[in-house]
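Engineer: Below is the sequence, then the predicted model.
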Amino acid sequence: QVQLVESGGGLVQAGESLTLSCAASGGTFRNYGSGWFRQVPGKEREFVAVISWNSGSTYYADSVKGRFSISKDNAKNTVYLQMNSLKPEDTAVYSCARRMYALGYASTRVEEYGYWGQGTQVTVSS
């Protein structure tokens, strides 16, 4: 069974940076599309950034474009989200996800991801 564990969340001030990591066990990111999503209480989970199985394609939500960067290291079996110039509206629980089937494109749809981490809280103060 694939397990994903996020780390790197925390409390920062507006304008600062954080890097989230998502490590996989029981499976690999190597041939799978993966991504980061976030959720705040009372709202649906939303896509933040996704990356294709071969890292050839990445997509970002308009709200984070130019500030966030997704990458993955197949040797470390880890996906990263570099977050710069953080804003209070970035406050959320961030979860990583991996697609169920190999060689998938970089989907932005929550329902196309079969494996999820437990999430890590990111809080940005003004």
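Structural biologist: Received, thanks.
Engineer: how much space between the closest residue to Leu11 other than its chain neighbours and Gln82?
Structural biologist: Using C-beta to C-beta, 6 or more residues apart in numbering and skipping the chain neighbours, the partner closest in space to Leu11 is Thr123 (4.6 Å). Every residue, glycine included, has its C-beta placed from N, CA and C. To Gln82, Thr123 is 18 Å away according to C-beta to C-beta, to the nearest Å.
Engineer: And for Ser17?
Structural biologist: Using C-beta to C-beta, Ser17 is found at 7 Å from Gln82.
Engineer: Could you do Asp73 as well?
Structural biologist: 13 Å.
Engineer: ok, those two, which is more surrounded?
Structural biologist: Remark: of Asp73 and Gln82, Gln82 carries more neighbours, 15 against 12, as counted by other C-beta atoms under 10 Å.
Engineer: my read: the more buried one touches Ser71, true?
Structural biologist: Yes. Contact criterion C-beta atoms under 8 Å: Gln82 and Ser71 qualify, at 7.3 Å.
Engineer: Just list the residues touching Leu18, thanks.
Structural biologist: Residues in contact with Leu18 (C-beta atoms under 8 Å, 6 or more residues apart in numbering) are Gly8, Gly9, Gly10, Val12, Met83, Leu86, Val122.
Engineer: pLDDT at the spatially most central residue of the chain, what is it?
Structural biologist: The structure's the chain has its C-alpha centroid closest to Trp36; by C-alpha atoms, centre = their mean the separation is 2.0 Å. You'll see Trp36 listed with a pLDDT of 98.
Engineer: Where does it fall, secondary structure wise?
Structural biologist: Using DSSP states H and E, Trp36 sits in strand 34-39.
Engineer: the inter-axis angle of the helix or strand following that strand versus strand 34-39?
Structural biologist: The helix or strand immediately downstream of strand 34-39 is strand 46-51, counting by DSSP H and E. Calculated by axes from the mean of the first three to the mean of the last three C-alpha atoms, to 10 degrees, strand 46-51 forms an angle of 170 degrees with strand 34-39.
Engineer: After strand 46-51, which helix or strand is next?
Structural biologist: Moving toward the C-terminus from strand 46-51, the first helix or strand encountered (DSSP H and E) is strand 58-60.
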